[in-house]
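> I would like to see how this sequence folds:
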Amino acid sequence: MQVYLPIAEISVNAFLLLGVGGGVGLLSGMFGVGGGFLITPLLFFIGVPPAVAVATGVNQVVASSISGVLAHLRRKTVDLRMGVVLLAGGMVGSGIGIWLFNLLSRLGQIDLVVQLSYVLFLGIIGLLMLQEGTRALLRARNPAAPRRKLHTHTWVHNLPLKMKFRASGLYISVFPPLGIGMGVGVLAAIMGVGGGFIMVPAMIYLLGMPTKVVVGTSLFQIMFVAAFTTMMHAVTNQSVDVLLAVFLILGGVIGAQVGARMGLTLRPEMLRILLALLVLAVCGKIGFDLLWTPAELYSISAPRGV
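Modelled structure (predicted):
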């Protein structure tokens, strides 16, 4: 059953879209990730223009973040004060990212920049995840091996304008969380990701937040920044395809439930390694597509909005 996506200006099989959303939802439920950094590249592969994939893929991040935040609020594992500081930085970063996105779109370079960004970030994150997952697997097999400390005090904790974050048990400067939030906001606007795959490690290793409040606080910030980014994309460049978003969200809701059950059957160390391999595979596919000579060396089309 073919459906025409009016903003993407292509016809795609409806079951394929549900499958993409369901597959990412499956991975989200299985690995505990938002999936934004996977769904956008998958949309590239089925022919959705990168600009539309970025703007539309954020919608699923919003949906998954809302449900996640509600669950963490019930468990009281959200540091709202830290979330607000991260959110302030995220809003500024998102505004900067939207400006860069529109500038690159006018220059005709947005597709290339988005794809190169994914190759760079997925490559780095995939390798780091693979390294950490392998270490965790070796530690699980050899409990007597020395463990490295997750966090030590660094120059970050000597910065001025300190604030007390009671839920996290921290007394640190507001500048590091503002900077982290700003960086994630820029990534959300340009790459169509929630940014949790960067924010969570930064909150643990840089800020020293306890793991129990990291995920909920991260989702709190991501929820608002992703919603703001989606709105700005829709208003400034009309690249949000609502029909595409509906199919992705429907598939994602179903897939997440199945993935959550499947994740319980695998060891955490193996889950990290499998996710790292998946991220590296997606990175390799995008890189291959960039380097491979296309069948058509050029095409002629009218500019969007003409």
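
> switch to C-alpha atoms for all contacts and neighbour counts from now on
Fine.

> Please work out how many residues are found near residue 136.
Using other CA atoms under 10 Å, residue 136 is surrounded by 18 other residues.

> Check which helix or strand it maps to.
helix 110-141 (DSSP states H and E).

> quick one, phi/psi of residue 162?
With angles defined as degrees, to the nearest 10, residue 162 sits at phi -80, psi 150.

> what sits against it?
171, 172, 173, 174 (CA atoms under 8 Å, 6 or more residues apart in numbering).

> Adding secondary structure, neighbour count and distance to residue 192 as columns, could you present those residues in TSV?
As requested, those are exported to TSV (DSSP: H, G, I helix; E, B strand; the rest coil; neighbours: other CA atoms under 10 Å; distance: CA to CA, whole Å):
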residue	secondary structure	neighbour count	distance to residue 192
171	strand	13	32
172	strand	20	30
173	strand	18	29
174	coil	19	26
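
> secondary structure class for residue 4?
strand (DSSP: H, G, I helix; E, B strand; the rest coil).

> so who does the nearest residue to it once chain neighbours are set aside touch?
Closest residue to residue 4 apart from its sequence neighbours, by CA to CA, 6 or more residues apart in numbering: residue 11 at 4.3 Å. If a contact means CA under 8 Å, 6+ apart, then residue 11 has 2, 3, 4, 5 as its contacts.

> Distance check, residue 44 against residue 60.
16 Å (CA to CA, to the nearest Å).

> And residue 274, by the same measure?
22 Å.

> Tell me which of these two has more neighbours.
residue 60 (30 against 16).

> my guess is residue 54 meets residue 191, correct?
Yes: between residue 54 and residue 191 there is a contact at 5.7 Å, judged by CA atoms under 8 Å.

> Mutual contacts of those two, please.
Looking at what touches both residue 54 and residue 191 (by CA under 8 Å, 6+ apart), the common residues are residue 40.

> okay, and for the protein, where does confidence drop off?
Low-confidence segments of the chain, defined by pLDDT under 70: 27-36, 63-64, 67-68, 143-157, 193-197, 256-257, 259-269, 271-272, 293-306.

> quick one: the strands in it?
2-5, 10-13, 162-165, 170-173 (DSSP state E).

> roughly how far is the second one from the heart of the chain?
With CA atoms, centre = their mean, to the nearest Å as the basis, strand 10-13 stands 25 Å off its chain's centre.

> Flag every buried residue along that strand.
Buried residues in strand 10-13, defined by neighbour count with 16 or more other CA atoms under 10 Å: residue 12.

> partners of that strand, with directions?
Using DSSP bridges, strand 10-13 pairs in its sheet with strand 2-5 (antiparallel).

> ok, which stretches of this protein are helices?
For the chain, the helices defined by DSSP state H occupy 14-31, 36-45, 50-75, 80-107, 110-141, 175-191, 196-205, 211-236, 242-263, 268-291.

> Could you tell me the angle between the third one and helix 80-107?
What it means is helix 50-75. Using axes from the mean of the first three to the mean of the last three CA atoms, to 10 degrees, one finds that helix 50-75 and helix 80-107 are set 170 degrees apart in direction.

> can you state the direction angle for helix 50-75 and helix 175-191?
Going by the same axes, to 10 degrees, helix 50-75 makes 140 degrees with helix 175-191.

> what does the fifth one give?
Between helix 110-141 and helix 175-191, the angle formed by their directions is 130 degrees, by the same axes, to 10 degrees.

> ditto for the last one
What separates the directions of helix 268-291 and helix 175-191 is an angle of 50 degrees, with the same axes, to 10 degrees.

> Distance from helix 268-291 to the middle of the chain?
14 Å.

> Equivalent analysis for stretch 205-217, please.
17 Å.

> same deal with stretch 225-233?
14 Å.

> Give me the residues contacting that stretch.
55-56, 58-59, 61-62, 87, 90-91, 94-95, 98, 185, 188-189, 193-194, 239-240.

> now with 7 Å?
Applying CA atoms under 7 Å, 6 or more residues apart in numbering, the contact partners of stretch 225-233 are 55, 58-59, 61-62, 87, 90-91, 94, 185, 188-189, 194, 239-240.

> which one of these sits closest to residue 69?
residue 62 (10.4 Å; CA to CA).

> so who does the closest one touch?
Contacts of residue 62 by CA under 7 Å, 6+ apart are 223, 226, 227.
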